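Engineer: Structure for the following, please:
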Amino acid sequence: MKIAVDLDGVLADASKIWMRLLNEKFDILIDKNDVDQWDFWKKIGISKQSFEDVFDEAWKEWQSIDETETGLQQKIQVIRGFGKTDLVTARNKKTMNDVMKWLEMSKITFDEIVVVDEYYLKGNLDYDIFVDDSPIQITEIANLGKLALVYNQPWNSHISSRDNLIRVRDFTEVIEVINDYKI
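Structural biologist: Predicted coordinates:
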């Protein structure tokens, strides 16, 4: 079994940092619950590039980035027991040094780290199971017939579960689904 786990919004929660930066730079007031769509930057009147720049800047504060939940190190180790488990991210390559430091600080390990272009469909990669928070990626992965676990976030709340697209609230649920999954 091959398992792909996303980074931002699934393992790493940089939202406090990038929301603070957005609020400071653009003189707005948003919190995580306001981010109710993937391309929310349109709603707040900034360009995608401006948001991406802020997101990259947030990773410079990697020591302050939270884990999405407690016990991730142990939960990822359990998942690795099911088969090859890789971090698959579209994180900007210039931030990967900070990502590596964050992973080391968090003691979260993977078999491999795969960085794809932001427009690349992760479902084209050779994995059986994907854990992701992107409504675009997760829908396309499920459409390809692969098991897509949508990690619950405000920006993907409109995604409905179906046979091979399952909403998970945490990695305990991820482990349960993988344990029940038969290739």
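Engineer: Could you use CA atoms for every contact and neighbour count after this?
Structural biologist: OK.
Engineer: For this structure, just list every one of the helices.
Structural biologist: Assigned helices in the chain, in chain order: 15-26, 48-59, 72-80, 96-106, 135-143, 171-180 (criterion: DSSP state H).
Engineer: and of those helices, who's closest to Ala4?
Structural biologist: In terms of C-alpha to C-alpha, the element of the helices of the chain nearest to Ala4 is helix 72-80, at 10.3 Å.
Engineer: In space, what's closest to Lys107 - neighbours in sequence excluded?
Structural biologist: Once flanking residues are discounted, Lys107 sits nearest to Gln73: 6.0 Å by C-alpha to C-alpha, 6 or more residues apart in numbering.
Engineer: Tell me where the model's unsure across this structure.
Structural biologist: Scanning the chain for pLDDT under 70 picks out 182-183.
Engineer: Give me the domain ranges for it.
Structural biologist: 2-13+66-180, 15-64 (automatic domain parsing).
Engineer: which of the helices of the chain sits most buried?
Structural biologist: Most buried of the helices of the chain, by mean neighbour count (mean count of other C-alpha atoms under 10 Å): helix 135-143, with a mean of 20.
Engineer: residues contacting Leu22?
Structural biologist: By C-alpha atoms under 8 Å, 6 or more residues apart in numbering, Leu22 lies in contact with 28, 51, 54.
Engineer: rewinding a little: thought the residue nearest to Lys107 was touching Phe110?
Structural biologist: No. Gln73 lies out of contact with Phe110 (C-alpha atoms under 8 Å); the separation is 10.1 Å.
Engineer: Tell me the spacing between Phe26 and Asp126.
Structural biologist: As judged by C-alpha to C-alpha, to the nearest Å, Phe26 and Asp126 stand 40 Å apart.
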